[in-house]
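Asker: following is a predicted model, sequence given first.
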Amino acid sequence: MRRAPSLAAASLAAALGACAGAPTRPLDPGAAAAAARAADAAFSASVVSRDERAFLALVAEDAVFAGGRRLQTGRDEVRAAWAVYFGKDAPDFRWAPDGGGAAGSGDLAWTTGRWRMERKDASGTPAAAEGRYLSVWRRAGEAWQVALDCGYRPADELGPLERRPLRTLTSADGSLEAALGSWTRAAGGPRRGAYLTVRERAGGAWRTLHDAAAGFAEPTPPP
């Protein structure tokens, strides 16, 4: 694995100015949203450059990611699930943020974007997949770390879901809230998956900004 300064590490240092023990400077929502998008771009660059150290530095210790067959809780589980992207024959996996916002207190933010993965299938034929994602970022000192992550299909496209919340984050000023958990449904398409909802409070009422859902991969049936 490459240990020299990578594009991801350079982007992170330049965009965020992260350093251990640095004082926390107040950020307005616009600056916080821009910083979260910069961190998201550096997050993708860490995977493209196979820099696992830079990748893990951007993952919160208590992060929850949706992917594969279940939720990944904590940095260690995320590291195990994403190890496939840092090996010698890793697929080409990258993404780019195209939207974002932040709480008035500047400590919690969200980003959306599109991902693309290219790899060879079992027969050696090139294959590609793509989609959208939603990530929630939490400020840690002068740096930003992804705390919640989920694929993005509008949840209402799946019909009624039985939801089981796992983690809820709220900004210091109470203006932004993000909740991630799992869902099940009786029939039709994927029957299990994860959701990530982001809401903002304005004028004393909550407004949903994003309600994303993703299906879990089903186990392969035995031959």
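Answerer: It's in. Everything numeric in this text was worked out from a predicted model, so none of it was measured.
Asker: from here on, contacts and neighbour counts on C-alpha atoms
Answerer: OK.
Asker: can I get the lengthiest strand in the chain in PDB? Just the C-alpha atoms.
Answerer: Determined from DSSP state E, the single longest strand within the chain is strand 126-140. What follows is strand 126-140, C-alpha atoms only, in PDB (Å, rounded to 0.1, in the frame of the first residue of the first chain):
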ATOM      1  CA  PRO A 126     -15.500  -5.100 -18.100                       C
ATOM      2  CA  ALA A 127     -18.600  -4.200 -16.200                       C
ATOM      3  CA  ALA A 128     -19.700  -1.000 -14.600                       C
ATOM      4  CA  ALA A 129     -22.300   0.100 -12.000                       C
ATOM      5  CA  GLU A 130     -23.300   3.500 -10.800                       C
ATOM      6  CA  GLY A 131     -25.700   5.300  -8.500                       C
ATOM      7  CA  ARG A 132     -26.200   8.000  -5.900                       C
ATOM      8  CA  TYR A 133     -25.200   8.400  -2.300                       C
ATOM      9  CA  LEU A 134     -26.000  10.500   0.800                       C
ATOM     10  CA  SER A 135     -23.400  11.100   3.500                       C
ATOM     11  CA  VAL A 136     -23.500  12.900   6.800                       C
ATOM     12  CA  TRP A 137     -20.400  14.700   8.100                       C
ATOM     13  CA  ARG A 138     -19.500  15.700  11.600                       C
ATOM     14  CA  ARG A 139     -16.900  18.300  12.500                       C
ATOM     15  CA  ALA A 140     -14.100  17.000  14.700                       C
END
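Asker: tell me which helix or strand comes right after it.
Answerer: strand 143-151 (DSSP states H and E).
Asker: give me the contacts around that next one.
Answerer: The contact list for strand 143-151, computed with Cα atoms under 8 Å, 6 or more residues apart in numbering, reads 16-19, 35-36, 39, 57-60, 62-67, 131-139, 180, 194-196, 212-214.
Asker: so which of these are in helices?
Answerer: 16, 35, 36, 39, 57 (DSSP state H).
Asker: of those residues - the most surrounded one?
Answerer: Sorting those by how many neighbours each has (other Cα atoms under 10 Å) puts residue 36 first, at 31 neighbours.
Asker: for that one, give me the pLDDT.
Answerer: pLDDT, residue 36: 98.
Asker: how about residue 217?
Answerer: Reading off the model, residue 217 has pLDDT 84.
Asker: re earlier: quick one: which of the ones in helices among the contacts of strand 143-151 is nearest residue 117?
Answerer: Closest to residue 117 out of these is residue 39 (19.9 Å), distances taken as Cα to Cα.
Asker: would you mind measuring from that closest one to residue 116?
Answerer: When distance is defined by Cα to Cα, to the nearest Å, residue 39 is 18 Å away from residue 116.
Asker: what residue lies at the spatial centre of the protein?
Answerer: In the chain, the centroid-proximal residue (Cα atoms, centre = their mean) is residue 149; its distance is 2.9 Å.
Asker: show me the contacts for residue 176.
Answerer: By Cα under 8 Å, 6+ apart, residue 176 lies in contact with 102, 103, 108, 170, 198, 199, 200, 201.
Asker: ok, so of these, who is nearest residue 189?
Answerer: Of all those, residue 189 sits closest to residue 198, with 24.2 Å by Cα to Cα.
Asker: tell me, how many residues neighbour the closest residue in space to residue 163 that isn't next to it in sequence?
Answerer: Spatially, and ignoring its direct neighbours in sequence, residue 163 is nearest to residue 183 (4.4 Å; Cα to Cα, 6 or more residues apart in numbering). A count of nearby residues for residue 183, using other Cα under 10 Å, gives 20.
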